[in-house]
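Visitor: Structure for this input, please:
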Amino acid sequence: MSRKCQLTGKKANNGFTLSHSHIRNHKLQQVNLQWKRVWWPQGNRWVRLRLSTTAIKTLEKKGLAAMAKEAGINLNKL
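Guide: Take a look at the predicted model:
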């Protein structure tokens with residue numbers, strides 16, 4: 001499975017590390033992904049998703065059904 005948030009689509013960012021002498025080296029900034037079991041009331045079951053921490057915060061505010069609809073995910077297949 002790729003390192004990508006299943007609801008928001010967040011993925012790694014290419015950046016630079018800067019030393020004191022201003023030498024730049026390539027650096028891959030990964031997303032903070034967590035496996036999360038979320039209760040889905042419409043399906044009356046738990047759904048296991050790989051989410052970024054910002055998506056978990058938004059999920060508590062919006063709800064699972066609304067975020068899955070925005071992302072175009074069918075929760076029945078998970």
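Visitor: elements contacting the longest helix seen in the chain?
Guide: For the chain, the helix with the greatest residue count under DSSP state H is helix 53-62. With contacts defined as 3 or more Cβ pairs under 8 Å, 6 or more residues apart in numbering; DSSP states H and E, helix 53-62 has these neighbours: strand 33-40, helix 64-71. In this view, the C-beta of every residue, glycine as well, is placed from N, C-alpha and C.
Visitor: again, 10 Å this time
Guide: Under the contact criterion of 3 or more Cβ pairs under 10 Å, 6 or more residues apart in numbering; DSSP states H and E, helix 53-62 touches strand 33-40, strand 45-52, helix 64-71.
Visitor: Let's have the ones you listed in CSV, adding mean neighbour count.
Guide: As requested, these are exported to CSV (neighbours: other Cβ atoms under 10 Å):
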stretch, mean neighbour count
strand 33-40, 14
strand 45-52, 16
helix 64-71, 16
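Visitor: so the residue located most distally from the centre of the chain, which of the three states?
Guide: Using Cα atoms, centre = their mean, the residue of the chain lying farthest from its centre is residue 21. It sits 35.1 Å away. Judged by DSSP: H, G, I helix; E, B strand; the rest coil, the three-state class of residue 21 is coil.
Visitor: Then the one 5 residues further on?
Guide: State at residue 26, reduced to three classes by three-state DSSP: strand.
Visitor: Show me what it is bridged to.
Guide: Beta-bridge partners recorded for residue 26 (DSSP bridges): residue 16.
Visitor: quick one: it and residue 16 touch, right?
Guide: Yes - shown here, residue 26 and residue 16 form a contact pair, counting by Cβ atoms under 10 Å, at 6.6 Å.
Visitor: re earlier: let's have the helices and strands packed on helix 53-62 in CSV, adding distance to residue 3 and mean pLDDT.
Guide: Converted to CSV, these look like this (distance: least, Cβ to Cβ, whole Å; pLDDT from 0 to 100):
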stretch, distance to residue 3, mean pLDDT
strand 33-40, 6, 97
strand 45-52, 9, 96
helix 64-71, 17, 95
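Visitor: could I get the ones you listed as TSV with distance to residue 5?
Guide: Shown next, in TSV, are those (distance: least, Cβ to Cβ, whole Å):
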stretch	distance to residue 5
strand 33-40	6
strand 45-52	4
helix 64-71	9
